[in-house]
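Undergrad: Return atomic coordinates for the entry below.
(3 chains)
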Amino acid sequence: MLRLEAVNKSFGANKVLDGIDLEVAKGEMVCLIGASGSGKSTLLRCVNLLEPIDDGTIWFDGQDIADPDLDPQPIRQRIGIVFQSFNLFPHMTAMENVMLAPRRIKRLSRASLHASISTLFDRFGLSDRMGHYPDQLSGGQQQRVAIIRALAMQPEIMLFDEITSALDPELVAEVLDVLRALHSEGMTMIMATHEIGFARELSDRICFLDGGRILEQGPPSKVIDDPQEARTRAFLSRVF
Amino acid sequence: MNTLLTSAVALLIATTTAQAGGHGCAAGKTLTDGTLTIATGNPAYYPWVMNDAPESKEGFEAAVAYAVANEMGFDDDAVTWVRTSFDEAIQPGAKNFDVNMQQYSITPEREMMVDFSLPYYTSAMAVLTTGKVISAGAEPTLESLRGLLWGAAATTTAVPMLAEIAPNRDPMLYNDNTDVTAAIAANQIDAALFDLPTALFLSAVMVEDGALLGQFPADRSEAPDQFGMLMEEGNPLRDCVNAAITSLTDSGALAEIEATWLQSATGVPVIE
Amino acid sequence: MTRRAAHQAQARRKALRIGAGSTIAVFAAVVVFVPMAPGWPAVQRSFFNAEVLQRTFPGLLDAFVLDVMIFAWSAPAIAILGLLVAIARDLRSPAFFPIRLLATVYTDVFRGLPVILVIYLIGFGIPGLGLPRPWNSPYIWGSLALVLVYSAYVAEVIRSGIDSIHRSQRAAALSLGLGHGDTMRFVILPQALRNVLPANMNLVVALQKDVALLSFVGPVEIFRQAGVYKSLYANFTPYVGAALIFLIITIPATRYADYLLQKQRQRQG
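TA: Model (predicted):
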């Protein structure tokens, strides 16, 4: 479904992605782990076309979406992303946050959207928070609204960029529960995370990034429980 | 021409100094003893002061100033010039001039705040316009004038006079003569009201295709536009200035200065 | 705790006493000592002349209607042009470079020029090119000069508001598939405009006063009318009258701007 081939990306002299090859199958959940600055976030932002890549190819559903002549808008509509800092629109209620994109892009009316979006709020335990503004919500609630906002566009793949890193520890669980539910429904997901335990529990495959390269990848039982690379072991011993 | 003018002024000065007798009157009443400080505008305009240099005694007000000073017993050397705006002339507090001459019209309202001398000039008001407006059918009748778009300099007595004409549309008012002529040039107004000497000057020099449509003669109304020297209210010098002006008027010297410096306006039609 | 509360109450009372006392003292000094100055009667007659005020105030109020009208048609034009220029300066695509450059030059030039110069230049200059009536009216071109200058300021204020919105907001909107236009309209601008509302209110107050500058190219609004009265009566009181009328409008507007600013500070914690 998604395949990255020899993707390079530099910020000035700083090479952030260095020949990334990665393939994600439909329904698969891939976790990216690695130290800060190893390129996890940049990788996700490049897939979402928020950052242009220097060279390489990103195949999505048989199409090279890294082509600079391509209009990124319709692609982004099919790829959802959730950020570490939620990035809800503070001047809109939770409901308006979620409705904005479907209303503007799919030209759907509020009335026709209301039922399906209410269901999403309901499923993630936020049915009584639809009319609240972001600053009236806890971090965990905000992050769940952000996930709902991305899901409302019915994306084919979801990207999660350290979505629990900004949360108080007691709020992490409620967000991870959402991911479990999505995984069980067969959503294709790539997740950059520091939650190694969660990654081991849920992911089909784990990629360890170091200095813009995928140093080691495989099922959790291999990468986490029996890492081959010294740097992977060093990283795991620090966070785990 | 120039030598003729100078000699005429010299003659005037010679005659007036001979009659000097006001010195006793003015003694101790001026800002600086033995000196008469006279204010003019900044700049001072033709034909009231030539070349913005009142010390040259050239120009109507410059010549009158020296004649009055001499009459009061001040030698030419005893005359000092300063510059003020209208606002400075009327602001409360100590003044930096004994008398202020810049075509100030004497009005009863102003006399409540400042003192004026007897008039040294009585001006007709004239309608400055362009040949284009005249060929478009403007005539020197009140009826025709009311239909024009009017302008005037805001601090002149042309403003209340315009109110008397009662034009159909509200007049535009400007900071100074230059802005009025700019508005005429931009075709934003048809006509402007000035005292006659100023109007003659502007139509000849400042306004392209300038023309005078007509004049309101000085004796036309019960309140003619008369220029007086402005003084601080209660200035004891006023009687001395008035005596000098009376004497100059009676001797015909004032009329002579007027004839020398101010163009006759016999060619300008009178507005009925 | 109660002792502390009592102490605080006492301190508050003391502060109140000092505040009230000093205010009364200053007022008393102004009321008692200024009239004792030797020049006071002359100043009073020239600036605070009840008779002159009474005779000129109705005329001043009449002329003020013109100020209100100039403001009423200029302000919306300024809001629209300022917004358009701010958006033009934010266009990212290289294809829009000429527009962006034009907008930048425009704001730099018009913020760098004195308002009065622009009013003279446009108010007299453009009609001088030979436009027919009524298209050479000083109302049109004078107002346009005001609009051009104030839009440059408003554009800069709005642009600073746009810049104040964190990049992540734009990223979030784009990531949902929204276009640049929708992102600007629904996500960036509503937040940016709210952030700069107090700054724009200050410009509104300034504009209320600067409409008087149109008098330089002819229109007889309140400031010009006051000047005419000043000349007529050789008295400055009409200016004081005009100032009073201005303050009746601008003080509430200024207070409101302060109130908005304070409200915004509270919201941002």
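Undergrad: got the contact list for stretch A:171-183?
TA: Applying C-beta atoms under 8 Å, 6 or more residues apart in numbering or on different chains, the contact partners of stretch A:171-183 are A:29, A:123-125, A:138-140, A:143-144, A:147, A:151, A:158, A:160, A:163-164, A:167, A:189, A:191, A:195, A:198, A:202. (Each C-beta comes from the backbone N, C-alpha and C, glycine too.)
Undergrad: If I look at the residue of the stretch 101-250 of chain C at minimum distance from chain A, what pLDDT would I see?
TA: Taking C-beta to the nearest C-beta, chain A has its nearest neighbour within the stretch 101-250 of chain C at residue C:177, 3.2 Å off. pLDDT recorded at residue C:177 is 92.
Undergrad: and if you look at residue B:37?
TA: Note on residue B:37: pLDDT of 94.
Undergrad: Could you do residue C:262 as well?
TA: 82.
Undergrad: Kindly tell me how buried it is, as a neighbour count.
TA: By other C-beta atoms under 10 Å in any protein chain shown, the residues close to residue C:262 number 11.
Undergrad: Next, it: phi, psi?
TA: phi -70, psi -40 (degrees, to the nearest 10).
Undergrad: low-confidence ranges in the stretch 101-250 of chain C?
TA: Regions of the stretch 101-250 of chain C meeting the criterion pLDDT under 70 are absent.
Undergrad: For it, what lies in contact range of chain A?
TA: Contact residues, the stretch 101-250 of chain C versus chain A (C-beta under 8 Å from any C-beta of the partner chain): C:168-169, C:171-179, C:182, C:186-187, C:190-191, C:194.
Undergrad: which stretches of chain A aren't confidently modelled?
TA: A:240.
Undergrad: Now name the helix or strand holding residue C:189.
TA: Assessed by DSSP states H and E, residue C:189 sits inside helix C:189-195.
Undergrad: Show me what that helix packs onto, helices and strands only.
TA: In terms of contacts (3 or more C-beta pairs under 8 Å, 6 or more residues apart in numbering or on different chains; DSSP states H and E), helix C:189-195 is packed against helix C:138-164.
Undergrad: next one: the helix it packs on to chain centre, how far?
TA: What separates the centre of helix C:138-164 from the centre of its chain is 11 Å, taken as C-alpha atoms, centre = their mean, to the nearest Å.
Undergrad: and the following helix or strand past that helix with helix C:138-164, angle?
TA: With elements assigned by DSSP H and E, the helix or strand that comes after helix C:138-164 is helix C:167-175. Counting by axes from the mean of the first three to the mean of the last three C-alpha atoms, to 10 degrees, helix C:167-175 points 90 degrees away from the direction of helix C:138-164.
Undergrad: just how off-centre is helix C:167-175 within its chain?
TA: Distance, centroid of helix C:167-175 to centroid of chain: 34 Å (C-alpha atoms, centre = their mean).
Undergrad: Alpha carbons only: can I get it in CSV?
TA: Extracted in CSV, the C-alpha atoms of helix C:167-175 (Å, rounded to 0.1, in the frame of the first residue of the first chain):
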residue,chain,number,x,y,z
ARG,C,167,3.2,26.9,11.9
SER,C,168,1.6,23.8,13.4
GLN,C,169,-1.8,25.3,12.8
ARG,C,170,-1.2,25.6,9.1
ALA,C,171,0.4,22.1,9.0
ALA,C,172,-2.7,20.7,10.8
ALA,C,173,-5.1,22.3,8.3
LEU,C,174,-3.0,21.3,5.3
SER,C,175,-2.6,17.7,6.6
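Undergrad: next SSE after it?
TA: As assigned by DSSP H and E, the chain's next helix or strand after helix C:167-175 is helix C:180-182.
Undergrad: Excluding its own residues, what touches that next one? List them.
TA: A:104, C:92, C:173, C:174.
Undergrad: Show me which of those residues are buried.
TA: A:104, C:173, C:174 (16 or more other C-beta atoms under 10 Å in any protein chain shown).
Undergrad: re the thing from before, just checking, which of the contacts of stretch A:171-183 belong to strands?
TA: For these, the ones inside strands are A:29, A:158, A:160, A:189, A:191, with DSSP state E as the criterion.
Undergrad: Which helix runs longest in chain A?
TA: helix A:169-184 (DSSP state H).
Undergrad: Quick check: residues of the stretch 51-200 of chain C near chain B?
TA: Residues of the stretch 51-200 of chain C lying near chain B (C-beta under 8 Å from any C-beta): C:124, C:125, C:127, C:128, C:130, C:131, C:133, C:136, C:137, C:138.
Undergrad: By neighbour count, sort out the buried ones in those.
TA: By neighbour count, with 16+ other C-beta under 10 Å, these hold C:124, C:127, C:128, C:131, C:136, C:137, C:138 as buried.
Undergrad: three-state assignment of the fifth one?
TA: Right, the one you point to is residue C:136. At residue C:136 the chain is in coil, as set by DSSP: H, G, I helix; E, B strand; the rest coil.
Undergrad: if you skip the residues just before and after it, what's nearest to it?
TA: Nearest residue to residue C:136 in three dimensions, chain neighbours excluded: residue C:127, at 3.4 Å (C-beta to C-beta, 6 or more residues apart in numbering or on different chains).
Undergrad: quick one: that neighbour and residue B:189 touch, right?
TA: No - the criterion here is C-beta atoms under 8 Å, and residue C:127 misses it with residue B:189 at 10.6 Å.
Undergrad: Identify the contacts common to these two.
TA: Between them, residue C:127 and residue B:189 have no joint contacts when contacts are counted by C-beta under 8 Å, 6+ apart.
Undergrad: any idea which helix is longest in chain C?
TA: When chain C is scanned for its longest helix (criterion: DSSP H), the result is helix C:50-90.
Undergrad: Show the subsequent helix or strand relative to that helix.
TA: Proceeding N to C from helix C:50-90, the next assigned helix or strand is helix C:97-112, under DSSP H and E.
Undergrad: Relative to chain C, which residue of chain A is the closest?
TA: residue A:77 (3.2 Å).
Undergrad: just for chain B, where's the confidence low?
TA: Filtered on pLDDT under 70, chain B yields the residue ranges B:1-23, B:219-223, B:264-266, B:272.
Undergrad: what are the ranges of the helices in the chain?
TA: No chain in the question, so chain A it is. Using DSSP H, helices in chain A cover A:40-47, A:72-78, A:94-105, A:110-123, A:139-151, A:169-184, A:196-202, A:220-223, A:230-239.
Undergrad: actually chain B
TA: Under DSSP H, chain B gives helices at B:2-18, B:23-26, B:60-71, B:86-90, B:108-111, B:131-135, B:142-146, B:158-165, B:177-185, B:196-201, B:238-251, B:253-261.
Undergrad: what would those look like in TSV with mean neighbour count?
TA: Shown next, in TSV, are those (neighbours: other C-beta atoms under 10 Å in any protein chain shown):
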stretch	mean neighbour count
helix B:2-18	14
helix B:23-26	16
helix B:60-71	26
helix B:86-90	18
helix B:108-111	14
helix B:131-135	15
helix B:142-146	15
helix B:158-165	18
helix B:177-185	22
helix B:196-201	24
helix B:238-251	19
helix B:253-261	18
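Undergrad: from the chain's centre, how far out does stretch B:83-93 sit?
TA: The answer for stretch B:83-93 is 17 Å, by C-alpha atoms, centre = their mean.
Undergrad: what about it and chain C, touching?
TA: Yes - Stretch B:83-93 reaches chain C (C-beta under 8 Å from any C-beta) through B:86, B:87, B:90, B:91, B:92, B:93.
Undergrad: mind checking the end-to-end distance for stretch C:39-59?
TA: By C-alpha to C-alpha, to the nearest Å, the extent of stretch C:39-59 from end to end equals 29 Å.
Undergrad: what's in contact with it?
TA: B:90-93, B:113, C:34-35, C:37, C:225-226, C:229, C:233, C:235-241.
Undergrad: Can you flag the buried ones in those residues?
TA: Buried, going by 16+ other C-beta under 10 Å: B:90-92, B:113, C:225-226, C:229, C:233, C:235-241, out of those.
Undergrad: I appreciate the help and will end here.
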